[in-house]
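Peer 1: Generate coordinates for the sequence data below:
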Amino acid sequence: MGVIRKSLLVMAALAAGAAAPLAQAETLSDALIAAYRNSNLLEENRALLRAADEDVASAVAALRPVINFALQSTYRNAEVANFPFPNVTTDSLSTAANLSFELTLFDFGRNALAVDAAKETVLATRESLVGVEQQVLLAAVQAYVQTRLAQEIVALRESNVRVITQELRAAKDRFEVGEITRTDVAVAESRLAAARADLAAAQGDLLVARESYKAATGAYPGNLALPPPAPGIAKTLDEAQAVALRSHPILRQAQHQVTVADLTVERAAAAMKPTLTAQAVLGMQQGGLESESVTLSLNQTLYAGGSLSALYRQALAGRDATRAGLHQTAVTVAQNVGNAWSNLLVSSASIMATELQIAAAQTAYDGMREEAKVGSRTTLDVLDAEQELLNARAAKLSAEATHYAGVYLMLQAMGLLTVEHLGLGIPTYDVTAYYNAVKSAPATSSQGRKLDRVLQAIGGGN
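Peer 2: Presented below is the predicted three-dimensional model:
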C-alpha cells in the first residue's frame, strides 16, 4: 500500500505540472527570481543589516548634546515643635523645573572611533548579506537541477518497467511453446518486481526534490523548462582563485571585521584617558525663582582594579584573532575554488565516460536480444544487458546534472553568484536606502515621513 500511495502522489504531482501551459514553462531564471523574492533568510539578514545601520545612528548620537527636562513637585506634611505650645502640623507644596544640557567636549576620539567602527560593521554586514544571497540562489539552482534530474530518472525507470514487461510477456510466450524454461520466466518476473521497486524509489526521490524546490523558491515546480546554457566561468584555476580572493563577500567581510578590531584597540586605549564634559542647567522654582549654572568637568579614572588594562589587552587579542581569521578565510576561499574546479573536471570526465558506456551498452543489449532469439543467449543475459544500459543512462543524467550545478557552485566559490552578475533583470534590495535615512541619527520616530517611506519601500517588495 505504501508503494501504491507514493505512486499516486507522484502521478498527481506530475499531472499538476503537466496542466501548466507549455508556453509558461518555468525557467531557471524564474526559479532564481522566485528564490530571491521569497527568501525568509534574505529578509532576516536584511533586518540585521538595518539593525547595524541603527548602530551608526546611536554612535553619531553620542557626539551630540543630551538635553533633559525634569519637572518635580513635592508635597510635605510635617509636625513642627512649638514649645511650650502644642506642636504644629504644616503642609507645603513645592514645584521646580530644570532644563539641563550636557555635551562631551573632548574624549580623545572615543566617540568618533565608535562611529567609524559602526560604519565598518555596516559594511561587513552588507557583505554578509551578499553571501546569504549566494546561498539562496545556489539552493534554487540545485533544487531546479535535482527536480529535473528526478523527473528524468522517473521517466527512465518507467521506460525500464515497460521494457521488462515486454520481456516478461515474450518470455511467457516462449515458455508456452517450450523454447525456454520456467526459470527464465521467473527471472523476468523478479527483474520486473525490482524495476517497479526502483521506480517507486525514483518517485520518492522526485517528491523529495519537489519539497526542496518549494523550500528554495516558495512554490512547487510546474512544467520545468530545459536549463539554459551554463554561465561562463574562469578559464583556469589560477584565474578563478584570483577573482575569488579579490571579490568574495566572505573575504571582504573579514577585511571589514579586521578594521573594526583595529578601531576597538584604539577605543580601548582612549578609554584610559580623561574626558572633558560641559553641563548647563536652567532651573525655575515655585514663586518665580530662577537659577542658572554652567559646569565643566574633567574626569579621569585613576584606578579601576585593572579592568581598563584588561579590556585593552582583550582588544589586542581580538585584533590578532580577526587578522588570523582573515588569513584563514583567504585559505578557505582558495580551497573552495579548487574543490569546485576539481568537481567540474570530474563531472566532465564522467559525462564523456558515460557516453562511451551508453554506446557500448546499447550495442551489447541489441546483440543480446538478437542472440536470444536464436537461443544462444538466455533471458537473464538480455535483462542484464538492459540493466547495464539503464544504469549507464542514469549515470550520464546524474553526471550532467552534477556538472551543470557545479558551474553555479564555482560561481559561488568565486563570489559571483548574485542577481546582478547573473543578469536576472530584477530590482534588488538597496542596502543604502535605510542607512542613508538613519545615518545622521534623525531626531524623529520610525514613523517620521522619510523613514516611513523607506520602511514602506523595504516592506513592499524588492
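
Peer 1: and the closest residue to residue 167 other than its chain neighbours, what helix or strand is that in?
Peer 2: What sits nearest to residue 167 in space, not counting adjacent residues and going by C-beta to C-beta, 6 or more residues apart in numbering, is residue 188, at 5.5 Å. Quick note: C-beta positions are derived from backbone N, CA and C, even for glycine. Residue 188 belongs to helix 182-217 when assigned by DSSP states H and E.

Peer 1: Quick one: list the elements packing against that helix.
Peer 2: Packing contacts for helix 182-217, counted by 3 or more C-beta pairs under 8 Å, 6 or more residues apart in numbering; DSSP states H and E, involve helix 2-18, helix 28-38, helix 110-176, helix 379-414.

Peer 1: where does the stretch 351-462 of the chain dip in pLDDT?
Peer 2: 444-462 (pLDDT under 70).

Peer 1: again with the chain
Peer 2: 1-23, 287, 444-462.

Peer 1: Go ahead and flag the most central residue of it.
Peer 2: The centre of the chain sits closest to residue 132, judged by C-alpha atoms, centre = their mean, with a distance of 3.1 Å.

Peer 1: Pretty sure that one sits against residue 46.
Peer 2: No. The pair residue 132 and residue 46 does not pass the contact test of C-beta atoms under 8 Å, sitting 9.0 Å apart.

Peer 1: tilt between the helix holding residue 188 and helix 379-414?
Peer 2: Angle of helix 182-217 versus helix 379-414, following axes from the mean of the first three to the mean of the last three C-alpha atoms, to 10 degrees, is 20 degrees.

Peer 1: What is the subsequent helix or strand relative to helix 182-217?
Peer 2: Defined by DSSP H and E, the subsequent element after helix 182-217 is helix 237-247.

Peer 1: Only the buried residues of that following helix, if you could.
Peer 2: 237, 240, 241, 243, 244, 245 (16 or more other C-beta atoms under 10 Å).

Peer 1: Could you do stretch 196-212 as well?
Peer 2: Buried residues in stretch 196-212 (16+ other C-beta under 10 Å): 196, 198, 199, 200, 202, 203, 204, 205, 206, 209, 210, 212.

Peer 1: Could you do stretch 126-134 as well?
Peer 2: 126, 127, 128, 129, 130, 131, 132, 133, 134.

Peer 1: Okay, the nearest residue to residue 171 once chain neighbours are set aside and residue 180: tell me how far apart.
Peer 2: Spatial nearest neighbour of residue 171, chain neighbours left out: residue 188 (4.5 Å); criterion: C-beta to C-beta, 6+ apart. For residue 188, the distance to residue 180 equals 10 Å [C-beta to C-beta, to the nearest Å].

Peer 1: what's the answer for residue 427, then?
Peer 2: Taking C-beta to C-beta, one finds residue 427 at 68 Å from residue 180.

Peer 1: Of those two, give the one with the bigger neighbour count.
Peer 2: Higher neighbour count among residue 427 and residue 180: residue 180, with 21 against 9, using other C-beta atoms under 10 Å.

Peer 1: The more buried one falls within a strand, correct?
Peer 2: No. Assigned with DSSP: H, G, I helix; E, B strand; the rest coil, residue 180 falls outside any strand and is coil.

Peer 1: Surely it is in contact with residue 171?
Peer 2: Yes. Contact criterion C-beta under 8 Å: residue 180 and residue 171 qualify, at 6.4 Å.

Peer 1: what's the overlap in contacts for the two?
Peer 2: residue 379 (C-beta atoms under 8 Å, 6 or more residues apart in numbering).

Peer 1: Show the contacting residues for residue 244.
Peer 2: Contacts of residue 244 (C-beta under 8 Å, 6+ apart): 251, 333, 334, 336, 337, 413, 414, 415.

Peer 1: could I have stretch 208-216 exported to PDB, CA atoms only?
Peer 2: Extracted C-alpha coordinates of stretch 208-216, given in PDB (Å, rounded to 0.1, in the frame of the first residue of the first chain):
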ATOM      1  CA  VAL A 208      11.700  15.000  -2.000                       C
ATOM      2  CA  ALA A 209      13.100  17.100  -4.800                       C
ATOM      3  CA  ARG A 210       9.800  18.900  -5.200                       C
ATOM      4  CA  GLU A 211       9.800  19.700  -1.500                       C
ATOM      5  CA  SER A 212      13.400  21.100  -1.800                       C
ATOM      6  CA  TYR A 213      12.200  23.200  -4.700                       C
ATOM      7  CA  LYS A 214       9.400  24.600  -2.700                       C
ATOM      8  CA  ALA A 215      11.700  25.400   0.200                       C
ATOM      9  CA  ALA A 216      14.100  27.200  -2.100                       C
END
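
Peer 1: Need the three-state assignment for residue 303.
Peer 2: When classified by three-state DSSP, residue 303 comes out as coil.

Peer 1: That's all I had, so thanks and see you.
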